[in-house]
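Colleague: Need coordinates for the following:
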Amino acid sequence: MRVIAKVDVLGDAELQQRMVRLSWWILGVGLLAVLVAWILSIAGVAPLVEKGIGLAWLLVLVLASVVALPVHELVHAAAFLLLGGGDVHVSFGFKDYMLYTSANGATLPRRRFEAVLLAPTVLLTLAFAAMGVAFRVPLLAWACAVIHLAGCTGDLCMAAAIWREPACAFVRDAPFGAELLAR
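Modeller: This next block holds a predicted model:
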């Protein structure tokens with residue numbers, strides 16, 4: 001196998017700028033939707049949602065957002081272990097204001113690596129949706145999901161880079177991100 005491309009989330013300034021712009025866009029559009037839904041609900045135009053957006057609501061939002069960070073990385077770790085086989089060794093770290101999970105050079109088929117990248121985005125979004133239904137706090141759940149999704153842009157950009165490279169057959173985890181491999 002040969003390296004055909006690298007996805008360097010730590011050293012590629014253009015990629016980092018794209019990630020930051022995407023994060024701000026997700027936050028802006030998502031939280032604007034929360035605000036519009038809340039205003040429409042208060043005005044009686046939309047179905048009733050939680051009216052009590054106050055200090056407790058904000059504290060739960062902050063707590064859920066902070067707890068989601070390590071849970072997100074644990075989901076990556078579980079996905080690496082589940083999809084990577086018995087020789088995968090997972091570690092965790094923090095660099096450039098990002099928590100990360102590393103599989104220390106593990107090589108996976110491209111679709112499995114994409115699944116590892118996207119697993120926390122999908123599973124935590126579904127968990128927030130379930131929280132919204134179970135506790136009847138749809139706006140809180142939406143706000144939590146939006147904040148979490150805004151933090152997933154590194155994973156989303158890496159998955160998009162893999163998806164856009166048709167010659168990529170395998171992906172190797174690397175300290176800077178990932179190496180895309182062809183046969």
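Colleague: Quick one: low-confidence residue ranges for this structure.
Modeller: Low-confidence segments of the chain, defined by pLDDT under 70: 48, 51-52.
Colleague: who's in contact with the residue nearest the centre of the chain?
Modeller: Nearest residue to the geometric centre of the chain (C-alpha atoms, centre = their mean): residue 152, 2.7 Å. Residue 152 sits next to 72, 120-121 when contact means C-beta atoms under 8 Å, 6 or more residues apart in numbering. The way it works is simple: take the backbone N, C-alpha and C, and place the C-beta from them, glycine included.
Colleague: And for stretch 84-95, what's in contact with it?
Modeller: 10, 73, 77, 80-81, 99-104, 106, 108, 112, 116.
Colleague: of those residues, buried ones?
Modeller: Neighbour-count burial (16 or more other C-beta atoms under 10 Å) is assigned, among the contacts of stretch 84-95, to 73, 77, 80-81, 100-103, 106, 108, 112, 116.
Colleague: The chain: helices as residue ranges?
Modeller: 13-42, 55-84, 110-135, 138-150, 153-164 (DSSP state H).
Colleague: May I see those helices organised as JSON lines, with distance to residue 91 added?
Modeller: Converted to JSON lines, those look like this (distance: least, C-beta to C-beta, whole Å):
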{"stretch": "helix 13-42", "distance to residue 91": "22"}
{"stretch": "helix 55-84", "distance to residue 91": "9"}
{"stretch": "helix 110-135", "distance to residue 91": "14"}
{"stretch": "helix 138-150", "distance to residue 91": "22"}
{"stretch": "helix 153-164", "distance to residue 91": "17"}
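Colleague: so which of those is the most packed in?
Modeller: A comparison of the helices of the chain by mean neighbour count, using mean count of other C-beta atoms under 10 Å, puts helix 138-150 on top with a mean of 22.
Colleague: can you tell me the distance between the two ends of stretch 4-15?
Modeller: End-to-end span of stretch 4-15 (C-alpha to C-alpha, to the nearest Å): 17 Å.
Colleague: ah, wrong one, I meant stretch 160-172
Modeller: First residue to last in stretch 160-172 (C-alpha to C-alpha) measures 15 Å.
Colleague: rewinding a little: between the contacts of residue 152, which sits nearest residue 25?
Modeller: Residue 25 lies nearest to residue 121 out of these, by C-beta to C-beta, at 15.6 Å.
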